[in-house]
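[1] Dropping the sequence and predicted coords here.
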Amino acid sequence: MNVDEQLKQQLDDFRKDFHRLKAEISKVIVGQQEILDDTLISLIAGGHVLLEGVPGLGKTLTVRTLADALHLEFHRIQFTPDLMPADLIGTQVISESGDGRKVFEFQKGPLFANVLLADEINRATPKTQSALLEAMQEHSVTVAGVTHILSEPFFVMATQNPLEMEGTYPLPEAQLDRFFVKLLVKYPKVADLETILDRTTENLKPKAEAVLSGERILEMSKLSRMIPIANDVRRYGIALVVATHPDHELASAAAKKYVRYGASPRGLQALILGAKIRAILDNRYHVAREDLKTMALPVLRHRMILNFEGQAEGISADDVIQKMLVDVNEDALAAA
C-alpha cells in the first residue's frame, strides 16, 4: 500500500469512526444534528464547547451521552453561586505518613477527568469561572506552586442559560475565547418532540455504549491537522476574522456599525482547524471556502463584543457574521 492509499484509508476510517460515534449518541439524543457535528468537531480539534439554551432542551444529557460513548473518565460539576475554586481544582489536606509525620497531600477535584461537564457555568461567580482558565488552555492546574498535568484528551463542555435569566453571571471575555465553539440549542421540532416522548415515557430507555477510546480521538486529531489548506483559502479565513474588527481596514460594514471588539487570533485558529475536519467529513483532502463559512457562526459568535448601538437595536453576533459573510469578497482576499 503506497502513501496515498494509506492516507485514503486513514481518512475513510476517520469518517467511519466519526459517524459511528455520532450514531451512538443519536440513540439517546433526538435531532440536534448540527449540535452533535460541531461538538464532535471540537472534541477532535482539541477544543472546548459552550452550549447555550433554556433549561430542559437536553444540554446536560448531550454531554453525559458523549461521555458514555467514549472510553473516558467523566465528571460533572454543578455550578452554583457558592461554588469555590477549590471545589473544582482540589485542595491540600493534612494526612499522616507511615512514620507518623503530618504531611500535606493534594486531593484532586472533579476537574481531573477526560470529559468535564460544567453545568450552568454562568450561575457561578467570575472568581470560580476563572478557575477553569488555566485548565482549559494549558491542560494543567497549579496548586500551592505545584503544577498537575491533566490526562489527555481533556474536553470541557459547559452549559449556560441565556443571560436574560435571573441569577446568571456573564462569562469573562478571556474565558469565552477559550471555547472552540459556542452552540445555541434550539427548541425541538414537532416530529422530534414525538420521538422524545416515545423514548422518555416508556419502559425502554436507550443508552449509548462506548465505541471509541481516548487514544483514537487523539489519533483523529493528529490526522485532521495534516489536511492542507491553499493560500487563497487561508487568506479568506484571515479576511473573515479581520472583518470582525471595526477599526481594521478590511472591516465589514456591519462590524463598523455594531461591533466593539472583534475575534482574536485564537478564533482564526479554531476556524481553520474546524474547517479541516469539515473537509475530511465531506470526503475531501483540502479545505474549501465553504468549510470556513460553515464554521464561521459557531466559532466567531462568542468572540465578538457588540457596542451600545448593536445592543440597543437588538442585533446579535450571528446577524453581524451573516452580513460579514456576504461583505467579504474577492477584493478583500487580495488585500488580506
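    Yep, it's here. Numbering: from 1, shown residues only.
[2] how about the helices of the stretch 101-250 of the chain, start to end?
    In the stretch 101-250 of the chain, helices defined by DSSP state H, counting those that start in this stretch lie at 126-130, 132-138, 173-176, 190-200, 214-224, 231-242, listed in chain order.
[3] ok, Asp17 - contacts?
    By C-beta atoms under 8 Å, 6 or more residues apart in numbering, Asp17 lies in contact with 212, 216, 220. In this view, the C-beta of every residue, glycine as well, is placed from N, C-alpha and C.
[4] Can you name the next helix or strand after the helix or strand encompassing it?
    Counting by DSSP states H and E, the element that carries Asp17 is helix 3-26. Next in sequence after helix 3-26, counting helices and strands by DSSP H and E, comes helix 33-45.
[5] List the buried residues of that next one.
    For helix 33-45, burial by neighbour count (16 or more other C-beta atoms under 10 Å) applies to 35-45.
[6] the inter-axis angle of it versus helix 3-26?
    In terms of direction (axes from the mean of the first three to the mean of the last three C-alpha atoms, to 10 degrees), helix 33-45 departs from helix 3-26 by 130 degrees.
[7] Can you give the distance from helix 33-45 to the centre of its chain?
    Taking C-alpha atoms, centre = their mean, to the nearest Å, one finds helix 33-45 lying 8 Å from the centre of the chain it belongs to.
[8] on that earlier part again, got the helices of the stretch 101-250 of the chain as CSV, with mean neighbour count and mean pLDDT columns?
    As requested, the helices of the stretch 101-250 of the chain are exported to CSV (neighbours: other C-beta atoms under 10 Å; pLDDT from 0 to 100):
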stretch, mean neighbour count, mean pLDDT
helix 126-130, 17, 80
helix 132-138, 18, 80
helix 173-176, 15, 80
helix 190-200, 12, 72
helix 214-224, 17, 91
helix 231-242, 20, 91
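[9] Next, format those helices as JSON lines and append distance to Gly262.
    Shown next, in JSON lines, are the helices of the stretch 101-250 of the chain (distance: least, C-beta to C-beta, whole Å):
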{"stretch": "helix 126-130", "distance to Gly262": "23"}
{"stretch": "helix 132-138", "distance to Gly262": "20"}
{"stretch": "helix 173-176", "distance to Gly262": "12"}
{"stretch": "helix 190-200", "distance to Gly262": "35"}
{"stretch": "helix 214-224", "distance to Gly262": "26"}
{"stretch": "helix 231-242", "distance to Gly262": "7"}
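[10] among those, which is nearest Ser151?
    Using C-beta to C-beta as the measure, helix 214-224 is the one of those that comes nearest Ser151, at 8.1 Å.
[11] contact partners of the closest one?
    Outside helix 214-224, the residues that touch it by C-beta under 8 Å, 6+ apart are 10-11, 14, 17-18, 43-46, 70-72, 114, 152-153, 273, 276-277, 280.
[12] Mind giving me the ChimeraX command for buried ones among these?
    The following ChimeraX line selects those of the contacts of helix 214-224 that are buried, judged by 16+ other C-beta under 10 Å:
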select :11,14,17,18,43,44,45,46,70,72,114,153,273,276,277,280
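[13] do you know how far the residue nearest the centre of the chain is from Gln311?
    Centroid check for the chain by C-alpha atoms, centre = their mean gives Val49 as the closest residue, at 2.2 Å. Distance, Val49 to Gln311, using C-beta to C-beta, to the nearest Å: 25 Å.
[14] Can you list phi and psi of His71 for me?
    Main-chain dihedrals, His71, degrees, to the nearest 10: phi -80, psi 70.
[15] on that earlier part again, give me the angle between the helix holding Asp17 and helix 214-224.
    If you take the same axes, to 10 degrees, helix 3-26 sits at 130 degrees to helix 214-224.
[16] list the buried ones in helix 3-26?
    Judged by neighbour count using 16+ other C-beta under 10 Å, the buried positions of helix 3-26 are 11, 14, 17-18, 21-22, 24-26.
[17] got it, and stretch 56-66?
    Neighbour-count burial for stretch 56-66 flags 57-60, 62-66 (criterion: 16+ other C-beta under 10 Å).
[18] how far out from the middle of the chain is that stretch?
    Averaging C-alpha positions (C-alpha atoms, centre = their mean) puts stretch 56-66 14 Å from its chain's average.
[19] quick one: contacts of that stretch?
    Residues outside stretch 56-66 that contact it (C-beta under 8 Å, 6+ apart): 25, 28-30, 32, 35-36, 39, 43, 51, 53, 74, 76, 115, 117, 119, 157, 159, 185-188, 208.
[20] how does the chain divide into domains?
    Structural domains assigned to the chain are 13-81+110-221, 227-335, following automatic domain parsing.
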